[in-house]
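Participant: task: produce atomic coordinates for the following.
(2 chains)
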Amino acid sequence: MGKVIVITSGKGGVGKSTSVANVGTALAMLGKSVVVVDADIGLRNLDIIMGLESRVVYNSMDVIDGSCELEKALVTDRRVENLKLLAASQRNNKTDVQPEQMKDVCLKLRETHDYVLVDSPAGIEQGFENASSAAEAALIVTTPDVSAVRDADRIIGLLQAKEVYDLQLIINRFAPNMVKKGDMLNQYDVLDVLSIKLVGIVPEDPSIVGSSNRGLPLVYDATSEAAGAYKRIARRLDGQNVPVPEFKAIGWFSNMFGKLFG
Amino acid sequence: MEGSRDGNDSIQAIPTSQVVELKGFRDGLRLMVNASASIEDIGVAVKERMANLGDSLAGTSIVIDTGGRKLAAPDLEHLKSLIFETYGLEIVADPDLPKPMPEKQEDKQQEAKKEDLKSTGQKAVAPADSQSDVGRIIPAKRKTKPTAKAETTTPLLTDLPSREATHVIRAPLRSGQIARFFEGTLILFGDVNPGAEVIAGGDIVVLGRLRGLAHAGALGNTSAIIMAMSLTPTQMRIGHLITRPPSDGIRWKKSQPEMARVENDNIVVEPFNGF
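Facilitator: Below you'll find the predicted structure:
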């Protein structure tokens, strides 16, 4: 039996879908069986980022209203073993699905996969309720800025109220030069407010844009720093103890990172 | 604005007016009305008592308690519309069953925690005399000898009555969560994150970092104080007064315990050196 993890943030555009695509692919590369579920009904994009859009025939709405079997709706990624996608419907919206229905689907998927990664939409309303209905753990994604951190704090409060206490944080789009200039929060500022376990810091990487547009998750690119970060996050999620490398920025001190993973 | 009220605005004190009395009650307010007074006197007394309530009370539920005597129906209607139109307070129809707060942001876990902690205290039908509440903690400060070192003349804590309801919350507050205790003092073990709110009829003590919004003396008591191990709120209110941090923004500075109180109609912040 596997684990259902919701990837959520509160704030939009911080990199949830990107994180789901890359962490999911990286876990599959480690040999785990992974299914990524797009819970952003009506505004689906996980299939685009994974490059599987043209192969989607059925979506979660079809499964929920009984038009198709769950297995049939899963799209198999051909680039790596054991990675599947359950796409969202583009013509419905979040009120067309109830949390219990989403929960049923996720729990069924959990029986046959090691990881069920649910890509939550932004917000705290029904979309979030649907996405987090089956979650036993959550990955909170935030960028190092005040607005995103504020929203992440709210989401953490809501998850704790649902008694989801296995919460880990990804700080995304981290730019060491901006932090050094004082234009961006550093990881201490963020953790100071959020006070949950940090599972990884993904640096700002211009190659993300191209990878999203081409539907090729960044983890396939060995040279990208962000890809490396996502791979390390996958290994940490899987229980491995992975040290944080030094990011190449002027005057950056890796011993600051060291303290966080004590 | 002070009018016939003396400097001591505690909700436990007997107000100057014998006609109405406003008390915090669970998540809302209880307006005790002397039904033998004329409706005109009641109206005047209500206006006077409610004159300094802060904005945070808008949408609060209020129970009208006439102490067993019935107000005539048109008088009751008049009172209800006066209170609602003037102060935006929603009247609960049945005085025996105060409705839960309309504020939907109250976190369920917070609510459950509050209910746990308050289960020995308030019952739905409280006797008019709130001194008989169970579960009140007498704060240690009341037991100390008079302070010899107080050279300020502001009416500080030693002027407050010797018994006060206190509510303790042993949890941090995250953005969007609200802790509210109109009956008295609120003590919080943990941080108050930006976007969270702490509201009390009495004092507020945060054993952690206060980075959200705090409103002490929320029923119009400007002798209430706000104390925190690190006082960097987005906004602070005491009674009807509001203050915000300096315009160069809050920096995560090295913190020391600080206290905010009212002096000459301004909120002043000073290092906390004990009472």
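
Participant: can you list phi and psi of the closest residue to chain A within chain B for me?
Facilitator: Residue nearest to chain A within chain B: residue B:174 (3.3 Å; Cβ to the nearest Cβ). Every residue, glycine included, has its C-beta placed from N, CA and C. Main-chain dihedrals, residue B:174, degrees, to the nearest 10: phi -100, psi 170.

Participant: what is the burial count for it?
Facilitator: 30 (other Cβ atoms under 10 Å in any protein chain shown).

Participant: what's the pLDDT at it?
Facilitator: pLDDT for residue B:174: 96.

Participant: what's the answer for residue A:164, then?
Facilitator: You'll see residue A:164 listed with a pLDDT of 96.

Participant: right, and residue A:73 touches residue A:84 too?
Facilitator: No. Residue A:73 lies out of contact with residue A:84 (Cβ atoms under 8 Å); the separation is 9.5 Å.

Participant: ok, now which ones touch residue A:51?
Facilitator: The neighbours of residue A:51, taking Cβ atoms under 8 Å, 6 or more residues apart in numbering or on different chains as the test, are A:214, A:215, A:216, A:217.

Participant: who's in contact with the residue of chain B closest to chain A?
Facilitator: A:153, A:154, A:156, A:157, A:160, B:107, B:193, B:195, B:196.

Participant: looking at the residues you listed, which is nearest residue A:32?
Facilitator: Distance to residue A:32, by Cβ to Cβ, is smallest for residue A:156 among these, at 25.9 Å.

Participant: so is the closest one in a helix, a strand, or just coil?
Facilitator: What DSSP: H, G, I helix; E, B strand; the rest coil gives for residue A:156 is helix.

Participant: wait, it sits on residue A:191?
Facilitator: No. Using Cβ under 8 Å, residue A:156 is not in contact with residue A:191; the gap is 11.9 Å.

Participant: need the overlap of contacts for these two.
Facilitator: Counting by Cβ under 8 Å, 6+ apart, nothing touches both residue A:156 and residue A:191.

Participant: once you drop chain neighbours, what's closest to the residue of chain B closest to chain A?
Facilitator: Nearest residue to residue B:174, sequence neighbours excluded (Cβ to Cβ, 6 or more residues apart in numbering or on different chains): residue A:157, at 3.3 Å.

Participant: let me see the ranges of the helices in chain A.
Facilitator: In chain A, the helices defined using DSSP state H lie at A:16-29, A:46-50, A:60-64, A:70-73, A:99-112, A:126-132, A:146-161, A:176-181, A:187-194, A:207-214, A:225-237, A:254-260.

Participant: sorry, that was for chain B
Facilitator: With DSSP H as the criterion, chain B has helices at B:39-50, B:73-87, B:108-118.

Participant: where among the ones you listed is the average confidence lowest?
Facilitator: Among these, helix B:108-118 has the lowest mean pLDDT, at a mean of 46.

Participant: pLDDT weak spots in chain A?
Facilitator: A:246-262 (pLDDT under 70).

Participant: quick one: contacts for whichever residue of it sits closest to chain B?
Facilitator: Relative to chain B, the nearest point of chain A is residue A:157 (3.3 Å; Cβ to the nearest Cβ). Applying Cβ under 8 Å, 6+ apart to residue A:157 gives the contacts B:107, B:174, B:175, B:176, B:177.

Participant: can you name the two of the residues you listed that are farthest apart?
Facilitator: Spatially, the most separated pair among these is B:107 and B:175, at 10.5 Å (Cβ to Cβ).

Participant: of the two, who's got more company?
Facilitator: It is residue B:175, of residue B:107 and residue B:175, that has more neighbours when counted by other Cβ under 10 Å, with 26 against 22.

Participant: chain neighbours aside, what residue packs nearest to the more buried one?
Facilitator: Using Cβ to Cβ, 6+ apart and skipping residues adjacent in sequence, the residue nearest residue B:175 is residue B:195, 3.0 Å away.

Participant: I'd say residue B:221 and residue B:239 touch.
Facilitator: Yes. Checked against Cβ under 8 Å, the pair residue B:221 and residue B:239 is within contact range at 5.6 Å.

Participant: how about the residues of the stretch 1-150 of chain A near chain B?
Facilitator: Applying Cβ under 8 Å from any Cβ of the partner chain, one finds that the stretch 1-150 of chain A approaches chain B through residue A:150.

Participant: returning to what we had before: pick out whichever of residue A:156 and residue A:191 has more residues nearby.
Facilitator: Comparing residue A:156 with residue A:191 by other Cβ under 10 Å, the one with more neighbours is residue A:156, at 25 against 17.

Participant: how close does that one sit to residue A:198?
Facilitator: Computed as Cβ to Cβ, to the nearest Å, the residue A:156 to residue A:198 distance reads 13 Å.

Participant: before we move on, what about residue A:104?
Facilitator: 33 Å.

Participant: low-confidence ranges in chain B?
Facilitator: The model of chain B has pLDDT under 70 over residues B:1-17, B:25-27, B:51-60, B:67-71, B:84-163, B:247-254.

Participant: ok, 50 please
Facilitator: For chain B, the stretches with pLDDT under 50 are B:1-16, B:94-152, B:252.

Participant: nearest to residue A:224 among the contacts of residue A:157?
Facilitator: residue B:175 (32.8 Å).

Participant: going along the chain, name the strands of the stretch 151-275 of chain B.
Facilitator: B:166-169, B:178-181, B:185-189, B:197-200, B:204-210, B:213-216, B:226-231, B:235-238, B:241-243, B:258-263, B:266-271 (DSSP state E, counting those that start in this stretch).

Participant: for these, which one sits closest to residue A:67?
Facilitator: Of all the strands of the stretch 151-275 of chain B, it is strand B:178-181 that lies closest to residue A:67, at 43.7 Å by Cβ to Cβ.

Participant: is chain A contacted by the closest one?
Facilitator: No. Strand B:178-181 is not in contact with chain A by Cβ under 8 Å from any Cβ; minimum separation 10.9 Å.

Participant: okay, now the sheet partners of that strand, with direction.
Facilitator: In the sheet, strand B:178-181 lines up against strand B:197-200 (parallel) (DSSP bridges).

Participant: may I have the partner strand as PDB, with CA atoms only?
Facilitator: Taking Å, rounded to 0.1, in the frame of the first residue of the first chain, the C-alpha atoms of strand B:197-200 are listed here in PDB:
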ATOM      1  CA  GLU B 197      -5.700  37.800  15.000                       C
ATOM      2  CA  VAL B 198      -5.900  37.900  18.800                       C
ATOM      3  CA  ILE B 199      -8.800  39.700  20.400                       C
ATOM      4  CA  ALA B 200      -9.500  40.100  24.100                       C
END
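
Participant: partner strands of the longest strand seen in chain A and their direction?
Facilitator: Longest among the strand segments of chain A by residue count, using DSSP state E, is strand A:166-174. Under the criterion DSSP bridges, strand A:166-174 sits next to strand A:137-142 (parallel), strand A:197-203 (parallel) in its sheet.

Participant: now that strand, how far from the chain's geometric center?
Facilitator: Its chain's average C-alpha position is 9 Å from that of strand A:166-174, according to Cα atoms, centre = their mean, to the nearest Å.

Participant: could you do stretch A:176-185 as well?
Facilitator: Stretch A:176-185 sits 24 Å away from the centroid of its parent chain (Cα atoms, centre = their mean).

Participant: how about stretch A:160-173?
Facilitator: On the basis of Cα atoms, centre = their mean, stretch A:160-173 sits 11 Å off its chain's mean C-alpha point.

Participant: how long is it from one end to the other?
Facilitator: Stretch A:160-173 has its terminal residues 25 Å apart, counting by Cα to Cα, to the nearest Å.

Participant: which positions in that stretch come out as buried?
Facilitator: A:160, A:161, A:164, A:167, A:168, A:169, A:170, A:171, A:172, A:173 (16 or more other Cβ atoms under 10 Å in any protein chain shown).

Participant: with stretch B:218-238 instead?
Facilitator: Neighbour counts over stretch B:218-238 (16+ other Cβ under 10 Å) mark B:218-234, B:236-238 as buried.

Participant: and residue B:204, how far from residue A:43?
Facilitator: Note on residue B:204: its distance to residue A:43, by Cβ to Cβ, is 42 Å.
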